[in-house]
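Enquirer: need coordinates for the following:
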Amino acid sequence: MKLSILDQAPISAFKSAKEALYQSMKLSQAGEKLGYTRFWIAEHHDLPGLACPAPEVMLGFIGAHTNNIRIGSGAVLLPHYKPYKVAEIFNMLSTLFPGRIDMGIGRAPGGSAEATEALSENFLQQVWNMPNSLKELLHFVYRDFPDDHKFSSLNAAPIPDIPPVPWLLGTSKKSAILAGELGVSYTFGQFMSDKDGKEIIQQYLNSFKARSVGDKAEVIVTVSAYCAETTDRAEEIALSSLIWRLLKDQDMKAGVPTIEEAKRYPLNEKEKDQIKKMKENMIIGNPAEVKAKLLDIKENYYADEIMIVTITHSPEDKIRSYELIADQFIR
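Expert: The predicted structure is shown next:
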């Protein structure tokens, strides 16, 4: 089974944003060594504890420090930007790193209302216009505007020998159907959704229309997973992420806490219920348990590939989790 990594560049407690970004690069190197198919990095704006507002910048850094692993955005938030500029960026990345670039596209704001206003005007209108923006972006990437289109003679230079591969990321039927109708690959964010992913992905498969002869529907399901030698240890390393998410919900600026700090956090009954609810959407266990759950997701969600996001305080715990999972499927 193909496995990949989604990284959100989380900042650990007592660490800096610079350290978090360097750890993202080191994780991409570890993923390449372990045999993961691709490494994507997300876009967030002034969200507590997350260090990457510009995946396109990080992709240049990561690409320069890796050799073969596919790298991409998970995702560039298109309503904030003009399609032409996004095409230029990813064509340039594809020129620098031929055959390795994925152009993951999303429609979420990626931050607060204030951040959204600072980034772009009329965001909701741009969300509504997302289908047209994505179509325009694909025309720039594939250089196939109709002859009478106003941009038919405009190139998103430099033009790479191998164009970036577009993916649409989402958690709704609307995004799934749009991906299918435009003939692009689809990534369902199971880790951030409580919707029926199986039904949503089926909508994508049913609506898929190939852009070119030989194109096929392709599905990635992204999950939150924590793996350790024992289930108890996996629960420990996952607790840091769970407590961090609670703190984020309370609009606190603390980074991902250590395991010891997480254990000491005084949970009230409401927070215990929140933790229980969050864990329902996570995979936590020893290698055999995690393998069984990932295989179940692959089968039930019609997934060609599973992408894993793991947030821990310790980089060593994170890499070890990815290593144990790779041992079950890749190595």
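
Enquirer: shouldn't residue 256 be in contact with residue 311?
Expert: Yes: counting by Cβ atoms under 8 Å, residue 256 does reach residue 311; the two are 6.1 Å apart. Glycine gets a C-beta too; all of them are placed from N, C-alpha and C.

Enquirer: residue contacts, residue 173?
Expert: Residue 173 makes contact with 199-200, 203, according to Cβ atoms under 8 Å, 6 or more residues apart in numbering.

Enquirer: just the buried residues from those, in PyMOL please.
Expert: In PyMOL syntax, the buried subset of the contacts of residue 173 is picked out as below (16 or more other Cβ atoms under 10 Å):
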select buried, resi 200+203
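
Enquirer: between the contacts of residue 173, which is closest to residue 187?
Expert: Taking Cβ to Cβ as the measure, residue 187 lies nearest residue 200 of those, at 11.3 Å.

Enquirer: and that closest one, what pLDDT?
Expert: Note for residue 200: predicted pLDDT of 97.

Enquirer: need the contact list for it.
Expert: Per Cβ under 8 Å, 6+ apart, neighbours of residue 200: 171-173, 176, 188.

Enquirer: please narrow the residues you listed to those residing in helices.
Expert: Residues of the contacts of residue 200 located in helices (DSSP state H): 173, 176.

Enquirer: which residues of the stretch 201-331 of the chain score low on pLDDT?
Expert: Applying pLDDT under 70 to the stretch 201-331 of the chain flags the ranges 249-253, 331.

Enquirer: A helix includes residue 94, no?
Expert: Yes: Residue 94 sits within a helix when classified using DSSP: H, G, I helix; E, B strand; the rest coil.

Enquirer: overlap in contacts of residue 256 and residue 311?
Expert: With Cβ under 8 Å, 6+ apart as the test, residue 256 and residue 311 both reach 10, 240-241, 244.

Enquirer: determine which two of those residues are furthest apart.
Expert: Longest span within the shared contacts of residue 256 and residue 311, Cβ to Cβ: 10 and 240, 9.9 Å.

Enquirer: neighbour count for these two, which is higher?
Expert: A direct count of neighbours by other Cβ atoms under 10 Å for residue 10 and residue 240 places residue 240 higher, at 28 against 25.

Enquirer: need the residues that contact the strand or helix carrying that one.
Expert: Here residue 240 sits within helix 231-249, counting by DSSP states H and E. Residues outside helix 231-249 that contact it (Cβ under 8 Å, 6+ apart): 10, 47-49, 224, 226-228, 254-259, 261-263, 265, 271, 274-275, 278-279, 282, 284-286, 289-290, 310-314, 317, 321.

Enquirer: and the most centrally placed residue in the chain, its phi and psi?
Expert: Nearest to the geometric centre of the chain sits residue 74, at 3.4 Å (Cα atoms, centre = their mean). As for residue 74, its main-chain torsions (degrees, to the nearest 10) stand at phi -130, psi 60.

Enquirer: thanks a lot, catch you later.
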